[in-house]
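Chemist: Quick one, fold the following:
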Amino acid sequence: MKEAFRFIPTFAIIAATASIERLNGRLYICKTGAVKLWHGVVNSSENSQHIADWYSLSHIIHGFIFYGAITLVAKRWSFAIKLAIATLIEGTWEVFENSSFIINRYRAATISLDYFGDSILNSVSDIGFMILGFVAASKSPMKATVIAALAMELLALVVIRDNLTLNVVMLLWPIEAIKNWQAAL
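Modeler: Now for the predicted structure:
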């Protein structure tokens, strides 16, 4: 029981993220009222509204990256502190990702014309997937973590013509050829 108290900051960050998103007008669940474990249709108004979707893979990879980067910088810090920092980064991204600025940027620079932001359920789930990746990276050899990340990136690329790498590229420096290729799906 005492061990669980170390993770109170992580849970508090998740709760704060959900609260901020609600204050910013995000819906708790999909506007259809449905709650699905998996929604695999990317070009739909229900994308990023349920527990898991193709972009959950990106959040697992966030966990891999955060574990590696935080451990590199602060090797001696406890796992609980590293996890709280990673959760703070992911939670901050979730709030920023669901701001009008980023939503409009996705609509303008990518094929996500129907994108209107994540539900709170999806944002909290995204944080959960990041935590899953963080824990997996902490327990796996680096080589296995890198192979898993590459496999997830390739799977998403083949199935939905999008992944974490393309998402970052298209958000920061949109390339018309990539946008056209993604739209051909």
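Chemist: Only C-alpha atoms from now on, for both contacts and neighbour counts.
Modeler: Will do.
Chemist: Tell me the confidence at the residue sitting nearest the centre point of the chain?
Modeler: Centroid-nearest residue in the chain: His59, 3.5 Å away (criterion: CA atoms, centre = their mean). pLDDT for His59: 98.
Chemist: From Thr71, how far off is it?
Modeler: 18 Å (CA to CA, to the nearest Å).
Chemist: ok, back up a step: where's the residue nearest to the centre of the chain, which helix or strand?
Modeler: For His59, the element it lies in under DSSP states H and E is helix 56-73.
Chemist: following that helix, which helix or strand shows up next?
Modeler: Scanning forward in sequence from helix 56-73 by DSSP H and E, the next helix or strand is helix 79-97.
Chemist: Point out where the chain drops to low pLDDT.
Modeler: Scanning the chain for pLDDT under 70 picks out 1, 110-114, 185.
Chemist: correct me, but the residue nearest to the centre of the chain touches Phe129?
Modeler: Yes. Using CA atoms under 8 Å, His59 is in contact with Phe129, at 5.5 Å.
Chemist: hmm, back to that, the nearest residue to the residue nearest to the centre of the chain once chain neighbours are set aside: what's it in contact with?
Modeler: The shortest distance from His59 to any non-neighbouring residue, by CA to CA, 6 or more residues apart in numbering, is to Met130 (4.7 Å). Contact analysis of Met130 by CA atoms under 8 Å, 6 or more residues apart in numbering lists 59-64, 87, 90.
Chemist: The same query, at a cut-off of 6 Å, please.
Modeler: 59-60, 62-63 (CA atoms under 6 Å, 6 or more residues apart in numbering).
Chemist: Could you do Ala177 as well?
Modeler: Applying CA under 6 Å, 6+ apart to Ala177 gives no contacts.
Chemist: Can you tell me which of the contacts of Met130 is closest to Asn98?
Modeler: His59 (15.0 Å; CA to CA).
Chemist: residues in contact with that closest one?
Modeler: Counting by CA under 6 Å, 6+ apart, His59 has contacts 126, 129-130.
Chemist: how about 8 Å then?
Modeler: Applying CA under 8 Å, 6+ apart, one finds that His59 lies in contact with 126-127, 129-130, 133.
Chemist: Could I get the full set of helices for this protein?
Modeler: 8-23, 56-73, 79-97, 100-109, 120-139, 142-160, 164-172, 176-183 (DSSP state H).
Chemist: now the shortest one against helix 164-172, angle please.
Modeler: For the pair helix 176-183 and helix 164-172, the angle between their directions (axes from the mean of the first three to the mean of the last three CA atoms, to 10 degrees) equals 130 degrees.
Chemist: Output helix 176-183 in CSV with nothing but the alpha carbons.
Modeler: The C-alpha coordinates for helix 176-183 follow below in CSV (Å, rounded to 0.1, in the frame of the first residue of the first chain):
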residue,chain,number,x,y,z
GLU,A,176,2.1,18.3,-49.9
ALA,A,177,3.3,15.0,-51.4
ILE,A,178,2.8,13.3,-48.0
LYS,A,179,-0.6,14.8,-47.6
ASN,A,180,-1.6,13.6,-51.1
TRP,A,181,-0.3,10.1,-50.4
GLN,A,182,-2.2,9.9,-47.1
ALA,A,183,-5.4,11.1,-48.8
